[in-house]
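Asks: sharing a model that was predicted from the sequence below.
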Amino acid sequence: MSETPAPLWLHAYSGKENGLMIVGTSSSLKGLGQQLLAAAESDSKSANTPWPPQVACPAIVGPYKNMPEFKLSFHLQGTSPLESILPIRRSGMPTLFVVAVAICAIVGVFTIVRWFV
């Protein structure tokens, strides 16, 4: 009987440190490790695609309630530089949006003060 390992549990945390924690049973982590080792031992240059080919996509329980289809996947680097196809992005709101909200808040405060004066 082939028993499927329990899904990996993902936990995104932020605060003093920011990161992603992956928690699993010993059998689920062993299965992931075997998939990753098999991909590392295979010829990584066989795929001449710019997009990194996927080598493992384990079953997971995502870190967010509002994103039930959250996925975790592992890839080998392709032929293109990662900076061009997977750019690093900001995690917060754009600066222009923050400035616009700040201006609206200041205008709102002055309007409320003017009503009372």
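Replies: Alright, I've got the coordinates. Just so it is clear, the structure is predicted and the values come from calculations on it, not from any experiment. Numbering: from 1, shown residues only.
Asks: got the CA coordinates for the least confident helix or strand in the chain by mean pLDDT in PDB?
Replies: Using mean pLDDT, DSSP states H and E, helix 82-85 stands out as the lowest-scoring helix or strand of the chain, at a mean of 83. The C-alpha trace of helix 82-85 is given here as PDB (Å, rounded to 0.1, in the frame of the first residue of the first chain):
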ATOM      1  CA  LEU A  82      17.400  35.100 -13.000                       C
ATOM      2  CA  GLU A  83      17.400  38.900 -12.600                       C
ATOM      3  CA  SER A  84      15.800  39.300 -16.100                       C
ATOM      4  CA  ILE A  85      13.000  36.700 -15.700                       C
END
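Asks: in it, what counts as buried?
Replies: Within helix 82-85, no residue is scored as buried using 16 or more other Cβ atoms under 10 Å. C-beta coordinates here come from the backbone N, C-alpha and C atoms, glycine included.
Asks: check stretch 104-117 too.
Replies: Residues of stretch 104-117 classed as buried: none (neighbour count, 16+ other Cβ under 10 Å).
Asks: any idea how far it is from the chain center?
Replies: Relative to its chain's centre, stretch 104-117 lies at 41 Å (Cα atoms, centre = their mean, to the nearest Å).
Asks: could you do stretch 28-39 as well?
Replies: Centroid separation for stretch 28-39 versus its chain: 20 Å, with Cα atoms, centre = their mean.
Asks: ok, Trp9 to Ile22 distance?
Replies: From Trp9 across to Ile22, the span is 7 Å (Cβ to Cβ, to the nearest Å).
Asks: repeat for Tyr13
Replies: Separation of Tyr13 from Ile22 (Cβ to Cβ): 12 Å.
Asks: which of those two has more neighbours?
Replies: Between Tyr13 and Ile22, counting by other Cβ atoms under 10 Å, Ile22 is the more crowded of the two (15 against 11).
Asks: can I take it that that one is in a helix?
Replies: No - counting by DSSP: H, G, I helix; E, B strand; the rest coil, Ile22 is located in no helix; its state is strand.
Asks: so how far is the longest helix along the chain off the chain centroid?
Replies: Looking across the chain with DSSP state H, the single longest helix is helix 95-116. The chain centroid and the centroid of helix 95-116 are separated by 34 Å, computed with Cα atoms, centre = their mean.
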